[in-house]
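Colleague: Predicted model follows, preceded by the sequence.
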Amino acid sequence: MTRHKFKFDFWTIVTISIAILFAVFLVYPLLALFVSSFKDPATGAVTFSNFTKFISRKYYYQGLLNSFKVTTCVTFLAILIGAPMAYIMTVFKIKCKGLVEILVIISMLSPPFIGAYSWVLLSGRSGVITKFFENTFGITTPTIYGFTGILLVLTLKLYPFIYLYVSGALKKIDASLSEAAESLGCSPVKKAVTVILPLILPTLLAGSLLVFMNALADFGTPMLIGEGYNVMPVLIYSEFISEVGGQANFAAAMATIMVIITALLFMGQKYVINKKSFTMSSLRPIQSKEIKGFKGILAHVFIYGVVLLSIIPQVTVIYTSFLNTRGSMFTSEFSLKSYRTVFKNLGNSISNTYIFGLIAIVLIILLGMFIAYISTRKRNAFTSLIDTITMFPYIIPGSVLGITLLLAFNKKPLILSGTFVIIIVAFVIRRLPYTLRSSAAILYQISPSMEEASISLGYSPVRTFFKVTAIMMLPGVMAGAILSWITVINELSASVILYTGGTRTMSVSIYTEVIRASYGTAAALSTILTVTTIISLLIFFRLSGNKEVSI
Amino acid sequence: MSVAISIENVVKRFDKLTIIPDLSIQINNGEFFTLLGPSGCGKTTLLRMIAGFNTIEGGIIKFDDSVINDIPAHKRNIGMVFQNYAIFPHLTVKENVEYGLKLRKIPKEEFNRKVKAILETVRIDDYKDRLPDKLSGGQQQRVALARAIVIHPSVLLMDEPLSNLDAKLRLEMRSAIRDIQKEVGITTVYVTHDQEEALAISDRIAVMKDGVIQQCGKPTDIYTRPANVFVSTFIGSSNLLKGRIKLDGKSKYVVFGDGYKVLMDNLTDDIKDGQNVIISIRPEEFSIKNTGIKVNVKAGTFLGRYNNYEITFEEDMVLDAQLTCELTQDLGHTADYFKKGDTIHIVPNAAKINVFTEDGEQSLIKDVKKYDQA
C-alpha cells in the first residue's frame, strides 16, 4: 500500500510558497522587533532597560494610560450610540433607512484622520464653529484639541462597528422569540432587557473589543487632533522617527507592549465569539413596526443626528475643497485652485495610490483565495498555522507594522526600505484578512461535492479549482476584495512610516499637507479619496447584492 | 465500457478509528447494486473509496482486472451522482452536461449527438439553456444523472441521490433512474438508507452495519429470507419472539412461549431438540383465526388497505429488545375491525416465518445465503 506518500502537487507548492512569504515578510520582521526590544541601543547586549525606561518615566507610561483612558471612553460611547441605533433601526420603521445605512458605512470606511482634520477645520482654533460662537455670542467653545477631539472623532468613526455587529445579531433573532416573550406577559422594555439583550450580548462584546482595538491602534487621529495628548501609537511613531537608530530599540519595546496588549484583546474577542455566542438562524426575522408620535420623532432625531454628525467631516472636506485659499485660510469664493495645485504638485501621490493599490489588491485576491482554500479544504497542522499567522495583522497596529518592516528590510540581504515594494507589502499584510475571511466564508458554503463532481468527470484537482471552485468563490472574494481595496487606499499608519518622496500615497499626502497647514490641497485630495471610496462601496453593494458590510 | 467491480478485503481507517474492518464483494458488470444500511454503517465511505475520494487502508479494489487503488479519482472514469446534486451553478444545464465530455477528445458531431441524446434520455431537453437555480430538485437530479452518464463511465456511483426530494418526486425519479440505468446498461453502485427504495430499485442489495456486510442478495430474498435478526428488523418490520425447537421423529416444530407450536418443513438439519431460537414474524405473516396464540389489541391504526394493530402477548413470549409487536389485518375481504382491549387469536404462517439462532446471528432456515453472488 502506498500510504503517506509525499506528493509534490500544486497545493503543496502553493502552501510552501505562502509559508515562505509569510515567514519573510511577517514572522521574521516581528521576531526581529521583539529581539531588538531586548537590546541595549549602545552595546547591543540583552537588556530589559528599554522596558524599565518605559515603566519608570511618566512621560511614557502616561501615554499608555492615556491610550486606555481614551479607548475605554470611545468604546462606551460607541456602544451607547451604536447599540440603541441598531435596535431602533431593526424594530421600527425609520424613514430613508437605506440612505442612513449607506451613510453609516461611508463614515466608517473613510479614514479617521480626515475626520480629525475636518473637525479641526470646523471647531479648531480658527474653525468655522469656533469663530461663529465667538463673534456672535462672545462664547469661547471648549477646545477640540486633545482628549475631547480624539474622543469625538474616534467615537463617530467606530460606533458603526457596534451598529453593524448588533444589527447583524438582531437580524438573526427569530420574531417568534420576541413574540413568545410578549405572550408570556413581558413588557416591551423587560423583553428588550431579558430576551434580546442576552442574545446579542456576545456580539456586542465582540464588537466592543473590535472597537477597543481599533481605537487603541489608531495613529492619524491623535496625531492630528491630539496636540500633546500623547497616546501609544503617537509615542511609538515619534520615538522611532525622531532618532532612528538610537531610539529604535525603545520604540520596539513600546511596540512589543502594544502587540501584547492587542493580542490579549484579540484572544478575548475570539473567546467571546467561539464560546459565548448562540447559534441562531431566524426563519422569520423581526419585522420593523411603524413608530408614531413623540417617540417616533425622538427616534428619528436620534438616528439622523448621529448620522449627520458622522457625515459632517466628509461634507466639510468636500465643500472646502472647492473654496479658494489664501495661505492656510479658506476664502468665501469658489475655485478649483486646490485641485490644480494637487494635480501639479501631488499628482504622483494619486497615481501611486491607484497603482500600489491595484498591485496590492491583485496579490490580496490571489493570496486570499489560495489561503482560504488550503486552510479549509487541505486542513492540517501546517495550513492551520498559516491561517493563524494571517490573523496577525489584526493585532499589529499599523504604525508597529511599519516599524517592523522598516527595521527588517533597511539592511542586507533584502533592502526594500524606500521602495514601493515595502509599501505594497504593508498593504497586503494589513488588508489581506478582509478578502481572506470572505473567501473562506464563501468556501464553507460551497459543498465539496461540487469539486468532487468535477474530479469524477475527469478534471484534475488543480483544473477543478480554476474551472469550478474559483469561479464559484468569486462573489465572496470580490466582496472582500473591495473592502480590502477601500482600506488599502485609505491606509495611513504604516505607509506614513514607510513612504519616501517618490512613494507617497494620497493618505500620506493628506496627512503631510494638514501638518503643513495646507488645508486646501488636503481637502482636494481627501475629496478624491472619498469619492473613490464611495464609488468602490457602490460597486460593493452591487456585487454583494445587499447593503451589508461585515468586518 | 462498463466493468465489474471486485472489492477484496478492503479496510478503511480514519486515524485510529476503523470504519470498515475487512470487506469483500463482487459487483457484476451492468448490475444495479445497492449498499443499504443505517447512517454511520460505512456505506458512503465504501462508495467514496470506489470513487477515489477516500483512501484505501488495506485490500484492493479492481475494475475488471485492473487494481485502481493508486489511480487518482479524476483518472478512474467514474460517473458520480451526489446527494446534493452538485450541479455547477454558474453553468447552464447543457454546459453542465458537456463539462465532462469536453475533456474527452471527441469529434464535434459525435459530441453534439451524445449531448442531445442524453438530454432526451433524462428528459431535460426543454431546459437545456437554463441555469440550475431555475430548476426543481427533480430536474436538477436529472441533470446530475445526465452529466454523470454522458461520459460513458466505467461505473456509475450514486450517493443517496433521492434523499433531498419530496416523497412523490422520489418515486418518480426512482423509476426514472432504474429505467435509464437499464437502458444504458452501466454498472451502478447505489447508496441509500431507505430500505423501500433499495428493494424497489436494485438487482442486488448489500445490507451493511458497522462496516460489515450482513447480507448480500436479491431484494426478495433479503426481505423474505433475512440472514440474521438485524436484517429481518432493518428491512421491513418483524416481531421477534422467543422460541424453542422440538423434534418429534421426523417432524420439526418451533414452540412459542405459551406452548403454541408450528410444524416447520424448511429448518436446517443441524438443529437440536430443545434449542432456544428467535422466531421472527412480520406483521402480515399472521392470520387471525378462532384458535391460536392469544393476544390483546392495544391500539389500532386504520390505513385504508389494511389495519395495523399494536398487540401484546399474554405470556412472556416476546424478546426483551422488542418494544412493541405489530399485526396487520388485510382489509380486502373483511370488515371486522378490532378495537382496543379486544382479545384475538392469531396463527403464524409456517411457510413464511424465519427462525434464528438464539444470538440472532444465523438463520435456521434451509438454503438461506448470507452472500449470494447471483
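Modeller: Yep, that arrived. Numbers count the residues shown, from 1 in each chain, chains lettered A, B, ... in the order given.
Colleague: contacting residues for the residue in the stretch 101-250 of chain B positioned nearest to chain A?
Modeller: For the stretch 101-250 of chain B and chain A, the shortest gap (C-beta to the nearest C-beta) falls at residue B:103, measuring 4.5 Å. Backbone N, C-alpha and C define where each C-beta goes, glycine included. Counting by C-beta atoms under 8 Å, 6 or more residues apart in numbering or on different chains, residue B:103 makes contact with A:457, A:458, A:459.
Colleague: what's the answer for residue A:196, then?
Modeller: Residue A:196 sits next to A:87, A:170, A:173, A:178 when contact means C-beta under 8 Å, 6+ apart.
Colleague: in the stretch 151-300 of chain A, what spans have low per-residue confidence?
Modeller: Where the stretch 151-300 of chain A drops to pLDDT under 70, the residues are A:243-247, A:276-283.
Colleague: before we move on, the earlier item: narrow the contacts of residue A:196 to those in strands?
Modeller: Using DSSP state E, no member of these sits in strands.
Colleague: Could you export these as CSV, including distance to chain B?
Modeller: Output for the contacts of residue A:196, formatted as CSV (distance: C-beta to the nearest C-beta, whole Å):
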residue, distance to chain B
A:87, 35
A:170, 29
A:173, 28
A:178, 32
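Colleague: Can you flag which of those residues belong to helices?
Modeller: Among these, the ones falling in helices (DSSP state H) are A:87, A:170, A:178.
Colleague: re the thing from before, confidence score at the residue of the stretch 101-250 of chain B closest to chain A?
Modeller: On the pLDDT scale, residue B:103 is placed at 89.
Colleague: ditto for the one 3 residues further on
Modeller: As predicted, residue B:106 sits at a pLDDT of 89.
Colleague: can you tell me which residues contact it?
Modeller: Contact analysis of residue B:106 by C-beta under 8 Å, 6+ apart lists residue B:114.
Colleague: Going toward the C-terminus from the one helix or strand residue B:247 maps to, what's the next helix or strand?
Modeller: Per DSSP states H and E, residue B:247 falls inside strand B:239-248. Scanning forward in sequence from strand B:239-248 by DSSP H and E, the next helix or strand is strand B:251-256.
Colleague: how far off strand B:239-248 does that following strand point, in degrees?
Modeller: On the basis of axes from the mean of the first three to the mean of the last three C-alpha atoms, to 10 degrees, strand B:251-256 is oriented at 140 degrees to strand B:239-248.
Colleague: May I see the buried residues of stretch A:397-412?
Modeller: A:397-409 (16 or more other C-beta atoms under 10 Å in any protein chain shown).
Colleague: so for that stretch, what's the average pLDDT?
Modeller: For stretch A:397-412, mean pLDDT is 87.
Colleague: what does chain A have sitting close to chain B?
Modeller: Residues of chain A that fall close to chain B, judged by C-beta under 8 Å from any C-beta of the partner chain: A:1-3, A:447, A:449-450, A:452-461, A:464, A:468, A:471-472.
Colleague: Domain ranges for chain B, per the record?
Modeller: B:5-225, B:230-357 (automatic domain parsing).
Colleague: Most tightly packed of those?
Modeller: Highest mean neighbour count among the domains of chain B (mean count of other C-beta atoms under 10 Å in any protein chain shown): domain B:5-225, with a mean of 19.
Colleague: what about it, start to end distance?
Modeller: For domain B:5-225, the separation between the terminal residues is 26 Å (C-alpha to C-alpha, to the nearest Å).
Colleague: Next: stretch A:453-468.
Modeller: 10 Å.
Colleague: Just the residues contacting it, thanks.
Modeller: If you take C-beta under 8 Å, 6+ apart as the criterion, stretch A:453-468 is touched by A:9-11, A:373, A:450-451, B:51-53, B:72-80, B:82, B:86-88, B:99-100, B:103-104, B:144, B:147-148, B:151, B:157.
Colleague: just to revisit the earlier point, possible to save the contacts of residue A:196 as TSV with neighbour count?
Modeller: As requested, the contacts of residue A:196 are exported to TSV (neighbours: other C-beta atoms under 10 Å in any protein chain shown):
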residue	neighbour count
A:87	19
A:170	21
A:173	19
A:178	20
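Colleague: Give me the pLDDT value at residue A:454.
Modeller: We have a pLDDT of 94 for residue A:454.
Colleague: Which of the helices or strands spans it?
Modeller: Assigning secondary structure by DSSP H and E places residue A:454 in helix A:448-456.
Colleague: mind saving the C-alpha coords of the following helix or strand past that helix as PDB?
Modeller: Per DSSP H and E, the first helix or strand lying C-terminal to helix A:448-456 is helix A:461-464. Provided in PDB are the C-alpha atoms of helix A:461-464 (Å, rounded to 0.1, in the frame of the first residue of the first chain):
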ATOM      1  CA  PRO A 461      -7.900  18.800  -8.700                       C
ATOM      2  CA  VAL A 462      -5.900  21.900  -9.900                       C
ATOM      3  CA  ARG A 463      -8.100  22.300 -13.100                       C
ATOM      4  CA  THR A 464     -11.100  21.800 -10.900                       C
END
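Colleague: list the buried ones in helix A:461-464?
Modeller: Buried, per 16+ other C-beta under 10 Å, within helix A:461-464: A:461, A:464.
Colleague: where's the next helix or strand after it relative to the chain centroid, distance-wise?
Modeller: Under the assignment DSSP H and E, the closest C-terminal helix or strand after helix A:461-464 is helix A:470-489. Between the centre of helix A:470-489 and the centre of its chain there are 15 Å (C-alpha atoms, centre = their mean, to the nearest Å).
Colleague: hey, where'd the helices end up in chain B?
Modeller: Counting by DSSP H, the helices of chain B are B:43-51, B:93-101, B:108-121, B:137-149, B:167-184, B:195-201, B:219-224, B:229-234.
Colleague: export those to TSV and tack on distance to chain A?
Modeller: Shown next, in TSV, are those (distance: least, C-beta to the nearest C-beta, whole Å):
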stretch	distance to chain A
helix B:43-51	6
helix B:93-101	3
helix B:108-121	13
helix B:137-149	7
helix B:167-184	16
helix B:195-201	20
helix B:219-224	27
helix B:229-234	27
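Colleague: Near chain A, which residues of chain B are found?
Modeller: Neighbours of chain A within chain B, by C-beta under 8 Å from any C-beta: B:51-53, B:55-58, B:69-70, B:72-80, B:82-84, B:86-90, B:99-100, B:103-104, B:144, B:147-148, B:151, B:157.
Colleague: So which of those belong to strands?
Modeller: Those of the residues of chain B next to chain A mapping onto strands are B:58, B:78, B:79, B:80, B:157, per DSSP E.
Colleague: Of the residues you listed, which pair is most distant in space?
Modeller: The most widely separated members of these, counting by C-beta to C-beta, are B:58 and B:79 (26.4 Å).
Colleague: Apart from its neighbours in sequence, what residue is nearest the residue in the stretch 51-200 of chain A positioned nearest to chain B?
Modeller: Nearest residue of the stretch 51-200 of chain A to chain B: residue A:171, at 23.2 Å (C-beta to the nearest C-beta). Distances taken as C-beta to C-beta, 6 or more residues apart in numbering or on different chains place residue A:285 nearest to residue A:171, at 5.3 Å, with adjacent residues excluded.
Colleague: Same question for residue A:289.
Modeller: Closest residue to residue A:289 apart from its sequence neighbours, by C-beta to C-beta, 6+ apart: residue A:92 at 5.9 Å.
Colleague: rewinding a little: dump the buried residues of stretch A:397-412 to a markdown table, plus distance to residue A:439 and secondary structure.
Modeller: A markdown table is the format used below for the buried residues of stretch A:397-412 (distance: C-beta to C-beta, whole Å; DSSP: H, G, I helix; E, B strand; the rest coil):
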| residue | distance to residue A:439 | secondary structure |
| --- | --- | --- |
| A:397 | 25 | coil |
| A:398 | 23 | helix |
| A:399 | 28 | helix |
| A:400 | 26 | helix |
| A:401 | 22 | helix |
| A:402 | 26 | helix |
| A:403 | 29 | helix |
| A:404 | 26 | helix |
| A:405 | 24 | helix |
| A:406 | 30 | helix |
| A:407 | 31 | helix |
| A:408 | 28 | helix |
| A:409 | 28 | coil |
